[in-house]
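> from the sequence below, what's the structure:
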Amino acid sequence: MARKQGFKVKHLPKLFKETFTLWNKNNPWRLGAVVAYYAVLSLPGLLIVVINSVGAFWGTEIVQGEITQQISDAIGPDAANSVVEIIENSRKDDQSLFATIMGIAILVFGATGVFYQLQISMNEIWSVKVDPNAGIWKLVKDRALSLGFVMVISFLLIISFVVSTALTVLSGFLSRLWEPGLVYLAQFFEFGLSTFVLGLLFVLIFRFMPDMKIKWSSVWLGGFMTSLFFNLGKILLSIYFGAANPNSAYGAAGSVVLILLWVSYSCLILFFGAAFTRIYTEKYESEMHPQDFAMKVVEKEIIVEKGADNVAEEDKPSA
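From the prediction side, this is the model:
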């Protein structure tokens with residue numbers, strides 16, 4: 001087998017071009033819409049699990065306030081208020097022991113739903129499908145993996161909150177010194193921290209989500225590149241949502257529409273990063289093989305009829 005060439009920065013333009021071709025081929029708008037739909041359904045469970053997990057260390061009220069603020073900054077205060085209502089309503093159903101156990105099970109199942117659908121979308125980008133003979137064990141494994149990602153998010157949030165708090169204190173101290181340049185430097189470090197934490201999450205997603213055996217060396221560049229694009233895209237989306245106000249035409253459902261749009265647009269960036277990781281792996285890393293319960297597929301289009309073949313004889317131009 002021929003040795004693969006090493007990656008160089010000058011290869012990026014061609015790499016991005018091939019990535020866009022693969023990304024566009026897999027219809028990312030449809031994949032993003034599917035994940036966004038399940039994200040709304042999973043939102044109550046996901047928020048409760050994350051808030052309670054991180055809140056055990058940081059305080060639930062503080063975590064809820066921080067998450068609400070992040071949502072407000074991204075898609076506006078109306079959507080943030082709707083999220084607060086979702087959290088409060090999800091906490092009311094705690095009557096009997098049986099109801100509590102069932103409620104926890106439903107919350108966990110709902111929280112893992114969006115990651116399960118995300119895995120299906122990732123598999124499409126990597127041209128891999130689950131073996132029909134995998135059985136129930138594959139579903140249990142995927143749900144456990146999804147729950148693991150929820151816990152990873154909780155852990156990364158703890159780290160992010162601790163460091164962000166330190167940077168906020170530092171920024172406040174520098175602002176009292178009337179040194180705008182130093183304040184901007186602290187804000188730059190906060191942006192860098194967010195990019196780093198998100199980068200770790202994307203690296204894990206690209207490494208474990210697809211049903212492919214992927215080496216760690218294949219996912220670092222794509223993960224942190226996606227994180228940078230994601231943070232830049234979040235800034236642009238917040239400007240767009242603030243100026244265009246796309247939810248105004250939907251009335252009471254406007255907040256839900258905003259969440260759908262934000263998740264859908266964010267998934268476009270995530271899927272581009274996944275396509276980049278696949279192209280990078282195929283070009284510069286080792287051969288890829290499917291997991292034990294999966295199979296790699298190649299789809300071919302067969303043309304069985306053309307519209308031009310149906311033109312009646314009298315409609316054809318005479319010689």
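> can you pull the contacts of I136?
Contacts for I136 (CB atoms under 8 Å, 6 or more residues apart in numbering) come out as none. Any C-beta I mention is one placed from the backbone N, CA and C, and that applies to glycine too.
> okay, it and K129: tell me how far apart.
Remark: distance between I136 and K129 (CB to CB, to the nearest Å) = 17 Å.
> check F16 too.
27 Å.
> where does pLDDT dip in the stretch 201-319 of the chain?
244-253, 308-319 (pLDDT under 70).
> change it to 80
The model of the stretch 201-319 of the chain has pLDDT under 80 over residues 237-256, 285-288, 292, 294, 298-319.
> in it, which spans are strands?
All strands of the stretch 201-319 of the chain, identified by DSSP state E, counting those that start in this stretch, fall at 212-213, 289-290, 294-296.
> all strands of the stretch 51-200 of the chain, in order?
128-130.
> count of neighbours near A39?
23 (other CB atoms under 10 Å).
> thought it was touching Y116?
No: under the criterion of CB atoms under 8 Å, A39 makes no contact with Y116, lying 11.4 Å away.
> most tightly surrounded among the strands of the stretch 201-319 of the chain?
Among those, strand 212-213 has the highest mean neighbour count (mean count of other CB atoms under 10 Å), at a mean of 18.
> distance from the chain centre to that strand, please.
19 Å (CA atoms, centre = their mean, to the nearest Å).
> from the contact counts, what lies against that strand?
The contact analysis (3 or more CB pairs under 8 Å, 6 or more residues apart in numbering; DSSP states H and E) places strand 212-213 against strand 289-290.
> distance between the strand it packs on and the chain's centre?
Remark: strand 289-290 is offset 23 Å from the chain centroid, using CA atoms, centre = their mean.
> buried sites along the one helix or strand I48 maps to?
Using DSSP states H and E, I48 falls within helix 28-58. Neighbour-count burial for helix 28-58 flags 28, 31-32, 34-36, 38-39, 42-51, 53-55, 58 (criterion: 16 or more other CB atoms under 10 Å).
> and what of stretch 127-145?
Within stretch 127-145, the residues scored as buried using 16+ other CB under 10 Å are 127-128, 130, 134, 138, 142-143.
> ok, L43 touching I86?
Yes: with contact defined as CB under 8 Å, L43 reaches I86; the gap is 6.2 Å.
> so what's the residue count around the nearest residue to E124 once chain neighbours are set aside?
Closest residue in space to E124, ignoring its immediate chain neighbours: N26 at 5.5 Å, by CB to CB, 6 or more residues apart in numbering. Residues lying near N26 (other CB under 10 Å) number 17.
> dihedrals phi and psi, N26?
Note on N26: backbone dihedrals following degrees, to the nearest 10 are phi -90, psi 10.
> before we move on, back to that, now find how far off-centre the helix holding I48 is within its chain.
The answer for helix 28-58 is 10 Å, by CA atoms, centre = their mean.
> do the same with stretch 209-228
Remark: stretch 209-228 is offset 13 Å from the chain centroid, using CA atoms, centre = their mean.
> can I get that stretch as PDB, trimmed to CA atoms?
Written as PDB, here are the backbone C-alpha positions of stretch 209-228 (Å, rounded to 0.1, in the frame of the first residue of the first chain):
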ATOM      1  CA  MET A 209     -20.000   9.400  17.000                       C
ATOM      2  CA  PRO A 210     -19.600   7.800  13.600                       C
ATOM      3  CA  ASP A 211     -19.700   4.000  13.400                       C
ATOM      4  CA  MET A 212     -16.100   4.000  12.000                       C
ATOM      5  CA  LYS A 213     -12.800   3.200  13.600                       C
ATOM      6  CA  ILE A 214     -11.100   6.500  13.500                       C
ATOM      7  CA  LYS A 215      -7.700   7.300  15.000                       C
ATOM      8  CA  TRP A 216      -7.200  10.300  17.400                       C
ATOM      9  CA  SER A 217      -4.700  11.900  14.900                       C
ATOM     10  CA  SER A 218      -7.500  12.200  12.400                       C
ATOM     11  CA  VAL A 219      -9.800  14.300  14.400                       C
ATOM     12  CA  TRP A 220      -7.800  17.100  16.100                       C
ATOM     13  CA  LEU A 221      -7.500  19.400  13.200                       C
ATOM     14  CA  GLY A 222     -11.200  19.100  12.200                       C
ATOM     15  CA  GLY A 223     -12.400  19.400  15.700                       C
ATOM     16  CA  PHE A 224     -10.700  22.600  16.600                       C
ATOM     17  CA  MET A 225     -11.300  24.100  13.100                       C
ATOM     18  CA  THR A 226     -15.000  23.400  13.600                       C
ATOM     19  CA  SER A 227     -14.900  25.000  17.000                       C
ATOM     20  CA  LEU A 228     -13.400  28.200  15.600                       C
END
